[in-house]
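Undergrad: Requesting a structural model of the entry that follows:
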Amino acid sequence: MVKYKNGLWVCELCGAGYEDKSLSEKCEHWCGTHKSCNLEIIKKARKFVRIL
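TA: Residues are numbered from 1 along each chain as shown. Predicted coordinates for the structure are as follows:
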């Protein structure tokens with residue numbers, strides 16, 4: 001489940017932060033399915049948020 005943190009929607013698996021919730025959901029789906037990041041998705045990330 002994506003979280004809203006510091007004004008960004010964050011993928012809980014890799015920490016990529018997006019302005020758009022749907023991009024964060026796509027990122028999280030990809031990360032969970034493939035155990036990797038998709039460059040086409042993460043290039044749209046605004047920043048990476050530390051996950052604790």
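Undergrad: Excluding its own residues, what touches stretch 40-52? List them.
TA: Stretch 40-52 is contacted by residues 5-6, 8, 10, 12, 14-20, 23, 26-27, 30 when judged by C-beta atoms under 8 Å, 6 or more residues apart in numbering. Every C-beta, even on glycine, is put in place using the N, C-alpha and C of the backbone.
Undergrad: List the buried residues for it?
TA: For stretch 40-52, burial by neighbour count (16 or more other C-beta atoms under 10 Å) applies to Ile41, Ile42, Ala45, Val49.
Undergrad: quick one: the second one and His34, what's the gap?
TA: It stands for Ile42. Separation of Ile42 from His34 (C-beta to C-beta, to the nearest Å): 12 Å.
Undergrad: Also the first one?
TA: Summarising the geometry, the distance separating Ile41 from His34, computed by C-beta to C-beta, is 11 Å.
Undergrad: show me where this structure has helices.
TA: With DSSP state H, the ranges of helices along the chain come out as 21-34, 39-42.
Undergrad: Buried deepest among these, which one?
TA: Ranked by mean neighbour count, these are led by helix 21-34 with a mean of 17 (mean count of other C-beta atoms under 10 Å).
Undergrad: Figure out how far that helix is from the centre of its chain.
TA: 6 Å (C-alpha atoms, centre = their mean, to the nearest Å).
Undergrad: What of stretch 2-10?
TA: Mean-position distance between stretch 2-10 and its chain equals 9 Å (C-alpha atoms, centre = their mean).
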